[in-house]
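A.B. asks: below are the sequence and a predicted model for it; my questions follow.
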Amino acid sequence: MANSPATESVTPGSSSLGAKSLDSLPAGGEESRWQAIASRALAGESLPREVALDILAAPEEELLDLLHAAYRVRQRYFGKTVQLYFLMNAKSGLCPEDCTYCSQSKTSQSEIPRYNLLRRDELLAGARAAAQRQAKTYCIVISARGPTDREIAAVEKIVPEIKEQFDLDVCACLGLLTTDQARRLKACGVDRVNHNLNTGGEFYSQICSTHTYQDRVATLRAVRGAGMELCSGGIVGMGERPEDVVDMAFELRQLKVESIPVNFLNPIEGTPLAGQNELTPSYCLKVLAMFRLVNPQSEVRIAGGRELHLRSMQALGLYAANSIFVGDYLTTKGQVPEADYAMIRDLGFEVTIAQSA
Ligand code: SF4
């Protein structure tokens with residue numbers, strides 16, 4: 001398909017800026033060029049692809065102005081709220097796919113825990129931890145090309161129990177799904193499915209050979225067809241071009257995903273991408289600003305690699321993004337929850353909804 005980025009696709013009711021480059025937008029005067037872009041995004045216009053690329057190449061001295069522009073859009077749709085998500089790695093390792101970034105692939109030599117689907121009490125304990133940490137959403141993730149019937153049945157059993165006991169949304173990340181599997185997930189109470197595009201369509205074959213980008217898009221369409229929300233994002237820093245990151249952002253806009261997790265590659269030892277380290281904190285911030293301005297109304301989540309790549313600039317990321325994971329990632333450590341709460345408090349922001357355990 002490869003990738004056919006929806007460069008001019010627009011949200012219904014909105015208009016397009018057309019093929020204007022940043023140079024054709026106002027510079028200086030009452031509004032800087034970044035503020036002009038924010039104003040247009042707030043007016044419902046869709047940024048052209050050229051502008052998204054310009055954001056990723058923004059001069060360092062304009063970074064704060066760019067973040068302010070992204071913040072104006074974030075503020076309109078999410079105020080000062082930060083939504084917390086909690087990840088449960090419900091089945092680890094043993095995956096037959098060959099995604100080069102992933103420590104759970106059969107091709108990975110990484111030293112990670114490997115286990116089959118967790119028991120009911122372990123999944124419930126995870127939900128309890130999610131609620132205690134003020135997460136809005138409990139993310140149940142398995143390593144797999146797609147779920148077996150037994151795994152779908154286990155999800156069908158546990159999700160109603162979680163919903164009965166805790167005030168949590170449930171997001172399932174189970175790999176590729178058929179339309180029937182998606183319908184079953186919807187029927188048992190799953191609110192949202194995560195299935196990342198991971199990168200742009202043209203670059204996808206560089207990071208995986210066992211399934212295609214189009215397979216992933218088809219799963220997202222099946223999830224939407226079943227009536228669930230979409231969580232889909234990707235990983236930046238795998239050797240892709242800025243154009244590939246922009247392709248992904250525009251595809252996500254076309255798919256109207258509700259939630260976009262933006263991961264920054266943690267090059268885990270034992271994976272083919274170990275040693276790949278090309279990211280700077282400021283580039284990561286530009287990526288977050290680009291996702292916000294291209295997808296104004298979607299949740300943008302700073303996901304894996306937040307601590308590693310943003311480092312002391314993590315807080316600035318929340319001027320563009322409105323969501324983070326609290327706790328650990330699938331096979332890597334996150335910072336302690338107290339550090340996240342302190343960061344949110346110091347920003348003058350607040351966690352979306354206080355959950356009760
Ligand atoms: S399908 Fe998922 S779990 Fe399997 S190798 Fe790819 S990213 Fe890892």
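C.D. replies: On my side now, so go ahead. Values in this document were obtained by computation on a predicted structure and should not be read as measured data. Residues are numbered from 1 along each chain as shown.
A.B. asks: go ahead and flag the most central residue of this protein.
C.D. replies: In the chain, the centroid-proximal residue (C-alpha atoms, centre = their mean) is Pro261; its distance is 0.9 Å.
A.B. asks: helix or strand: which one has that residue?
C.D. replies: Using DSSP states H and E, Pro261 maps to strand 259-264.
A.B. asks: what about that strand, distance to the chain center?
C.D. replies: 2 Å (C-alpha atoms, centre = their mean, to the nearest Å).
A.B. asks: for it, give me every contacting residue.
C.D. replies: With contact meaning C-beta atoms under 8 Å, 6 or more residues apart in numbering, strand 259-264 is reached by 192, 194, 196, 229-237, 252, 279, 284, 287-288, 291, 295, 298-306, 308-310, 321, 323. From N, CA and C alone the C-beta is placed, and that goes for glycine too.
A.B. asks: does the closest residue to Gly239 other than its chain neighbours sit in a helix, a strand or a coil?
C.D. replies: Spatial nearest neighbour of Gly239, excluding adjacent residues (C-beta to C-beta, 6 or more residues apart in numbering): Gln276 at 6.2 Å. What DSSP: H, G, I helix; E, B strand; the rest coil gives for Gln276 is coil.
A.B. asks: just to revisit the earlier point, the strand holding Pro261: which residues count as buried?
C.D. replies: The neighbour-count check on strand 259-264 (16 or more other C-beta atoms under 10 Å) flags 259-264 as buried.
A.B. asks: filter the contacts of strand 259-264 by proximity to the ligand?
C.D. replies: The subset of the contacts of strand 259-264 within reach of the ligand, counting by C-beta under 6 Å from any ligand atom, is empty.
A.B. asks: please pick the buried ones from those.
C.D. replies: Judged by 16+ other C-beta under 10 Å, buried ones among those: 192, 194, 196, 229-237, 252, 279, 284, 287-288, 291, 295, 298-306, 308-310, 321, 323.
A.B. asks: please flag which of those sit within strands.
C.D. replies: The strands, defined by DSSP state E, take in 192, 194, 229-231, 234-236, 299-302, 323 from the buried ones among the contacts of strand 259-264.
A.B. asks: and the chain, which residues reach the ligand?
C.D. replies: 95, 97, 99, 102, 104-105, 143, 145, 175.
A.B. asks: most neighbours out of the residues you listed, which is it?
C.D. replies: Of all those, the most densely surrounded is Ser143 (28 neighbours; neighbours counted as other C-beta atoms under 10 Å).
A.B. asks: pretty sure that one contacts Cys99?
C.D. replies: No: counting by C-beta atoms under 8 Å, Cys99 is not a contact partner of Ser143; they are 10.0 Å apart.
A.B. asks: which strand runs longest in this protein?
C.D. replies: Under DSSP E, the strand in the chain containing the largest number of residues is strand 81-91.
A.B. asks: helices or strands next to the helix or strand following it in the packing?
C.D. replies: Following strand 81-91 in sequence order, the next helix or strand is helix 120-132 (DSSP H and E). Contact analysis of helix 120-132 by 3 or more C-beta pairs under 8 Å, 6 or more residues apart in numbering; DSSP states H and E lists strand 81-91, strand 137-142, helix 149-165 as its packing neighbours.
A.B. asks: and these as JSON lines, adding mean pLDDT and mean neighbour count?
C.D. replies: Below are these laid out as JSON lines (pLDDT from 0 to 100; neighbours: other C-beta atoms under 10 Å):
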{"stretch": "strand 81-91", "mean pLDDT": "94", "mean neighbour count": "23"}
{"stretch": "strand 137-142", "mean pLDDT": "94", "mean neighbour count": "24"}
{"stretch": "helix 149-165", "mean pLDDT": "97", "mean neighbour count": "16"}
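A.B. asks: any chance of a markdown table for the ones you listed, columns distance to Arg49?
C.D. replies: Shown next, in a markdown table, are the helices and strands packed on helix 120-132 (distance: least, C-beta to C-beta, whole Å):
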| stretch | distance to Arg49 |
| --- | --- |
| strand 81-91 | 28 |
| strand 137-142 | 31 |
| helix 149-165 | 38 |
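A.B. asks: to Ser209, which of these lies closest?
C.D. replies: Among the helices and strands packed on helix 120-132, strand 137-142 comes nearest to Ser209, with 21.0 Å by C-beta to C-beta.
A.B. asks: in terms of secondary structure, what does the closest one contact?
C.D. replies: Looks like strand 137-142 contacts strand 81-91, helix 120-132, helix 149-165, strand 169-173, strand 192-194 (3+ C-beta pairs under 8 Å, 6+ apart).
A.B. asks: mind listing residues that contact the longest one?
C.D. replies: Read that as helix 149-165. Taking C-beta under 8 Å, 6+ apart as the rule, helix 149-165 contacts 91, 117, 120, 123-124, 127-128, 138, 140, 142, 144, 147, 168, 170, 172, 174, 181, 184-185, 187-190.
A.B. asks: which of those residues are buried? Put it as a ChimeraX command.
C.D. replies: Selection of buried members from these for ChimeraX, criterion 16+ other C-beta under 10 Å:
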select :91,117,123,124,127,138,140,142,144,147,168,170,172,174,181,184,185,188,189,190
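A.B. asks: which pLDDT value belongs to the closest residue to the ligand within the stretch 251-357 of the chain?
C.D. replies: The ligand sits closest to Leu330 of the stretch 251-357 of the chain, with a gap of 8.3 Å, by C-beta to the nearest ligand atom. Leu330 carries a pLDDT value of 82.
A.B. asks: residues touching it, list them.
C.D. replies: Contact analysis of Leu330 by C-beta under 8 Å, 6+ apart lists 87, 89, 92, 103-104, 141, 304.
A.B. asks: surely the residue nearest to Gly239 touches Val236?
C.D. replies: No: with contact defined as C-beta under 8 Å, Gln276 does not reach Val236; the gap is 11.3 Å.
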